[in-house]
Every structure is written in C-alpha cells, then in structure tokens.
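*Asks:* give me the fold of what follows.
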Amino acid sequence: MTGYVIMIVAFAIIVIAVAAFFGLGTESFGWGLVAFLVSGLILGWAALSAGLTTFAEDKIATCTVISKDRGGGEDGAYRVYTEECGVLTNGDNPFLNKYNSADIWTQIPDEGPVTVHLVGIRNGFFSWFPNIIEVLDSEATN
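*Replies:* Residues are numbered from 1 along each chain as shown. Down below sits the predicted model:
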C-alpha cells in the first residue's frame, strides 16, 4: 500500500507543477484553473488506472488452466484462461518491480491446476485482467 501513497503524492505534485507551468504567462486566473483541471483529469486517469491494476486486489488463488495464449500475436499479452479465476494476464509491472513475465509464462501449465499470486482487478470495459505475479505451485510444467 505504500507504493499507492507514493503514487498519489507524486500525482499531486505533478498536477500542481503542470498547472503552475501553464498558468505562468497568462494574466487570467481562468487559464491556470483550466490547465489545472485538464492536467488533473489526465494524470488522475493515469494514476487511477495504475492504482486499480496494481494495488486494488492482492490474493493467492488456485485455478484450473483451460488454455493459454498470446492475446495479440507475438507482441501481445500473455493470457491464461481458467475455470475458477476467469481470464488472467501475465505482464510486467514496474510498480511491483515485476519484469519476468516470460519466465513465469513457462511455469504455467497448458492445462491443469496452478496456484498463483494475483494482483489487480477484472474490468471488461477497460480490458483489465488480474496479473499473475508469481506461480506458487503447479503440477505440470511445459
């Protein structure tokens, strides 16, 4: 949760700096306010997205893998389809210092049970999936 607090503080500092920058040189308080609101909306959206996909939910789950694939071809995301846990993703996450998606991908079986550490939420509108942070137990490996 500390990372989330740091992100909010950094967000507030950036919003104030951007608003002050765009407000300089204008003789109207209105332009500074508009710059503050626009930068706040843009940076707020980015912070909310990062927060919800990184810190919203943290759990250990045992799932039965039905299949797995690369969602968008060779450059696409790693997707894991399960019975109990729904669709999961396996992607790098700089907020959690996770840069080993390819290694984790090889630990996930093509089919069968797997116990994983998941972080994030499922949101269909934004195509967000819980992210597999690590594989804790697997009966089969590729």
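*Asks:* the chain - how does it break down into domains?
*Replies:* Per the record, the chain has its domains at 2-54, 58-138, by automatic domain parsing.
*Asks:* most tightly packed of those?
*Replies:* Most buried of the domains of the chain, by mean neighbour count (mean count of other Cβ atoms under 10 Å): domain 58-138, with a mean of 15. Every residue, glycine included, has its C-beta placed from N, CA and C.
*Asks:* so what's the gap between that one and the chain middle?
*Replies:* Domain 58-138 sits 12 Å away from the centroid of its parent chain (Cα atoms, centre = their mean, to the nearest Å).
*Asks:* for it, measure first residue to last.
*Replies:* Chord length of domain 58-138, first to last residue, is 19 Å (Cα to Cα, to the nearest Å).
*Asks:* so for it, what's the average pLDDT?
*Replies:* Mean pLDDT, computed over domain 58-138, is 88.
*Asks:* ranges for the helices of this structure?
*Replies:* Here the chain has its helices, by DSSP state H, at 2-23, 29-54, 101-107.
*Asks:* can you pull the contacts of residue 108?
*Replies:* Residue 108 makes contacts with 65, 68, 80, 90, 114, 116, 132, 135, 138, 142, as judged by Cβ atoms under 8 Å, 6 or more residues apart in numbering.
*Asks:* what lines up beside the longest strand anywhere in the chain in the sheet?
*Replies:* Ranked by residue count under DSSP state E, the longest strand found in the chain is strand 58-70. Sheet partners assigned to strand 58-70 using DSSP bridges are listed as strand 78-82 (antiparallel), strand 112-119 (antiparallel).
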